[in-house]
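**Q** any chance you could fold what I've pasted below:
(2 chains)
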Amino acid sequence: MDATYQETRLAPERLRRRCDLSAARFATTDELKDPDGILAQERAVEAIRFGVGIRAEGYNLYAMGPEGHGRHTAVRQLLAERAAAEPMPPDWCYVFNFETPHKPSRLRLPAGRACKFRDDMRRLVEELQAGIPAAFETDEYRARRQEIETEFNERQEQAVGAIGDKARKEGVALVRTPSGFAFAPMHEDAVMEPDRFRALPKAEQERFEGLIARLQEELETVIQEVPKWRREAQRKLRELNRQVTRLAVNSLIEELKGEYAPLPEVLAYLGKVQEDVLDHAEYFRQAKEGEPPSLFGIPLGKGEAGEPPLKRYQVNVLVEHSRPDGAPVIYEDNPNLGNLVGRIEHIAQMGTLLTDFTLIKAGALHRANGGYLVLDALKVLQQPFAWEALKRALRSREARAESPAQMMGLISTVSLEPEPIPLDVKVVLVGERLFYYLLYEYDPEFRELFKIAGDFEEDTGREASTELAHARMIAMLARKEKLPPLERAAVERVIEHASRYAGDAERLSLHMRDCADLLREAGFFAKGAGRTAMSAPDVQRAIEARERRADRVRRHLQREVLRGTLLVDTAGARVGQVNGLSVMQLGGFAFGMPHRITARVRLGSGKVVDIEREAELGGPIHSKGVLILSGFLAGRYAAKQPLSLSASLVFEQSYSGVEGDSASSAELYALLSAIAEVPISQSLAVTGSVNQHGDVQAIGGVNEKIEGFFDVCKGRGLTGLQGVLIPVSNVKHLMLRDEVVEAVAAGKFAVHAVESIDQGIEILTGMPAAEVNRKVEERLVEFAERARAQGKPDRRKKEWRARPQK
Amino acid sequence: MARAPSKVKKRRIVAAVDTLPRSEAALEAAAELAAQRQAELLALFIEDLDLLHAAALPFAREIGVASAVRRSLDVAAMERMLRLQAEGARRRLAAIAQRVPLTWTFQIARGLLAEELLHAAAEAELVVAALGGSGRARLQLEDICRGTADLLFARSMREIDELVRELRRRA
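**A** As a prediction, the model looks like this:
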């Protein structure tokens, strides 16, 4: 008992593993180099290097791990290293498709040439705008054009005139009405007056009528010929236009062709431009002169409708790489459908939406083509249609700008179908592990497209070498964040915090964001105090300030314990009552609180009633713990006779759910105390789960639990008798606050590492375990005998009741 | 808009048009010349008697110049068409007068009324005529203008183009 108390009591140095970097011989982090590569993420780094190296279909990556562990930084660093050594991908443009205007053509140009090509085309159009009208201004053109027009007019007039002459010879006039021609009998060089006509003999009138009908037919056939002549004239005019413009156009375009001679795609496009300009020379004249365009008399804005004919010669530069920095590495922060696959924008004109190839905008896939695209998995999955579009692009290896409505086939209005751009991109998704496993399970395409997973560690082993590596990482973070350097003691303090964050004295958390936040906060205090380097107290102050900001609920609960609203004893002894410990997590802050656990027993059928479970406040793991302890009880104390007790267990003053089995040892102590009627010291609190053999097993949150009880005891005044029982297997996790360690060193508080229930019961009762066990056994035997004695009439009653059935 | 007639003897240009296509171009050119010379413009829209006579025939038919379709004609329809054309010509003149300072009057004459025109032409320095009607009009005009006014006459679209060029040259 007393021996056990002393044996299990942990020495203060085991309660917190100090970090000692004195061997590294540095005064501040300014003397430390940046770490080589990415800290302690060998597995993930290897996977990413491998995945990035394989240039095969489906070898895209998923970098998984919890947030804040530097996944994005690591991925970008690895990609940037590789991309810098890779060639720059080509530029891409969209140009007008002269054959099918609604399907703009793509044009590939060597990296950095797209903008020049665009400017060359713009200059070409400007020069054509000057050159073509000049060609039309020449006297030669004017004369030839007039000739064609005159020829057409004369042909028409001659044909009509011939009929007019013929009619005249027959005494009939051809008169021109406002919208056509009419025939009428003549009298003295003019149309016969109606009265005179009516005075003519009937036969004469009829002669005229027949004659006129014939002439009308003849005229009709002539007029029907007119459109044909007009077409002929127009064809001649077009040919003339081509002849006149050819010289101006050819010299300009041939010059450009010479410049782009090594690029057959561009040459083919320029050839088409040449033909099109010759066919539509009038566009270049319209743009300069003439009335503003109008629709049913309403003038249209010049910028909108005045230019379109020439717009077709523009070049829409989709992606260009003018700076020589290797393959692109793109991170798209807002991966919605449009930002991912590109979009076709529209402009409103007269209440309708119009678009053309110049309004095609590149998406992240276009920009990352030939390189790497980094996306946040959750963000892609949250955006409607984005995930499907991404998979489709990767599968078809084509980037196709499309609207969601088009993608789903919801609209049938004419829009653009740009020629898709061949895609050669490696996508790296960065996300939580959960999403990886869910996608793997539920999306068959995911497995095929994202074959490589880079799994990021949350913590790393804590040894002298890793501590130093961590120190260098801290040094780098401080430099990156432009913070003052850290003194060695401050670094040690940060490393200890990383260990506490990991909840393990033998491991270090790799939560980079938390580390960087701590440095920023400590840096704030250091600057406030006018120091040029962060000291250990600055770090400590930052840690404490952080806790203070988050601990409103903890304070509140502790206050209520101290005021006696929540009943927790920290002195004395009581039967069937023990202090258990629970951990609460709120936001990013976890804290421990003591809880009173009580047990009552009476004669019964061998059931241990878990009140939490009966009230549906206990979770399945908690229930499992209670069932295990009743197994232990029956196996150890009532192997040869029925367990004739009924016990109830409860977490007092717990009004919400209880989950986990970390209180099962405490519940067992309470139960044993209640059965044996031996009081338990209330100065102690207990944590640890128990198995059916009575071994005490590890639990989580051991540091928070010890500190939770310590805070309550401290609030009431430390007596020196107070302490916490923890499982031996949790000793390696201890990273307690300095305050607790100091109290233990001063003999004001104790932490006991317990292996078995017997050890624990000795410490709690101050009685040898054998004696407690004997008392338990005696009481159980007593219960069994009483049950037997009472059981007889019961059985008789049952037989009597059963008789009528026979 | 028309201005109040001045007591001083004004320079005058007479422009006579009828249904001949593009004759309004001649009218406009004459108006511009008049404005430039600060001359008064007397515009005459001449309703060709031949047209009205032809429309009055029992079997009157018109053949559309663009459609080659035969339509029946009557006097009322013809008068309506002429009125529309005259109104169009008047509106054009009004529009020109808004742009440039122009004193103008507009008259509709059925056939060529020799006395009126004689009176007008006697004071005119130039008579511009774009008339598609029967040749009688030309003879009449030549009679009126002989010795007193300069006559420019067009009776086909081509001649109108030449006439317009001639007017522009004089302007």
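**Q** in stretch A:401-411, what's buried?
**A** Within stretch A:401-411, the residues scored as buried using 16 or more other Cβ atoms under 10 Å in any protein chain shown are A:Ala401, A:Glu402, A:Ser403, A:Pro404, A:Gln406. (Glycine included, C-beta is placed from N, CA and C.)
**Q** need the residues that contact that stretch.
**A** With contact meaning Cβ atoms under 8 Å, 6 or more residues apart in numbering or on different chains, stretch A:401-411 is reached by A:337, A:341-344, A:360-363, A:384-385, A:388-389, A:415, A:418.
**Q** next, the contact list for residue 170, please.
**A** Defaulting to chain A. Residues in contact with A:Glu170 (Cβ under 8 Å, 6+ apart) are A:Leu211, A:Leu215.
**Q** sorry, I should have been clearer: chain B.
**A** B:Leu33.
**Q** against chain A, how distant is it?
**A** Distance from B:Arg170 to chain A, counting by Cβ to the nearest Cβ, to the nearest Å: 21 Å.
**Q** does A:Val696 sit in a helix, a strand or a coil?
**A** Assigned by DSSP: H, G, I helix; E, B strand; the rest coil, the conformation of A:Val696 is strand.
**Q** pLDDT at it, what is it?
**A** Note on A:Val696: pLDDT of 96.
**Q** which secondary structure elements does the helix or strand where A:Leu270 lies contact?
**A** If you go by DSSP states H and E, A:Leu270 is part of helix A:264-279. Helices and strands touching helix A:264-279, by 3 or more Cβ pairs under 8 Å, 6 or more residues apart in numbering or on different chains; DSSP states H and E, are strand A:105-109, helix A:114-137, helix A:202-259.
**Q** name the residue of the stretch 601-750 of chain A that lies nearest to chain B.
**A** Residue nearest to chain B within the stretch 601-750 of chain A: A:Ser656 (87.9 Å; Cβ to the nearest Cβ).
**Q** hang on, that residue packs against A:Gly619?
**A** No - counting by Cβ atoms under 8 Å, no contact exists between A:Ser656 and A:Gly619, whose distance comes to 11.1 Å.
**Q** so between those two, which is more surrounded?
**A** Taking other Cβ atoms under 10 Å in any protein chain shown, A:Ser656 and A:Gly619 do not tie; A:Gly619 has more neighbours (16 against 7).
**Q** show me the contacts for that one.
**A** A:Gly619 is in contact with A:Gly657, A:Val658, A:Glu659, A:Gly660, counting by Cβ under 8 Å, 6+ apart.
**Q** again, but for A:Ala135
**A** Contact partners of A:Ala135, counting by Cβ under 8 Å, 6+ apart, are A:Tyr141, A:Val244, A:Thr245, A:Leu247, A:Ala248.
**Q** so what's the closest residue to chain B within the stretch 201-350 of chain A closest to, chain neighbours aside?
**A** Nearest to chain B, among the residues of the stretch 201-350 of chain A, is A:Ile223, at 3.9 Å (Cβ to the nearest Cβ). Leaving aside its sequence neighbours, A:Ile223 sits nearest to B:Ala68 (Cβ to Cβ, 6 or more residues apart in numbering or on different chains; 3.9 Å).
**Q** contacts for stretch A:153-164?
**A** The contact list for stretch A:153-164 (Cβ under 8 Å, 6+ apart) reads A:173-174, A:181, A:215, A:218-219, A:222, A:225-226, A:229, B:156-158.
**Q** let's see it at 6 Å
**A** Residues from elsewhere that reach stretch A:153-164, judged by Cβ atoms under 6 Å, 6 or more residues apart in numbering or on different chains: A:Leu174, A:Glu218, A:Leu219, A:Val222, A:Val226, A:Trp229, B:Arg158.
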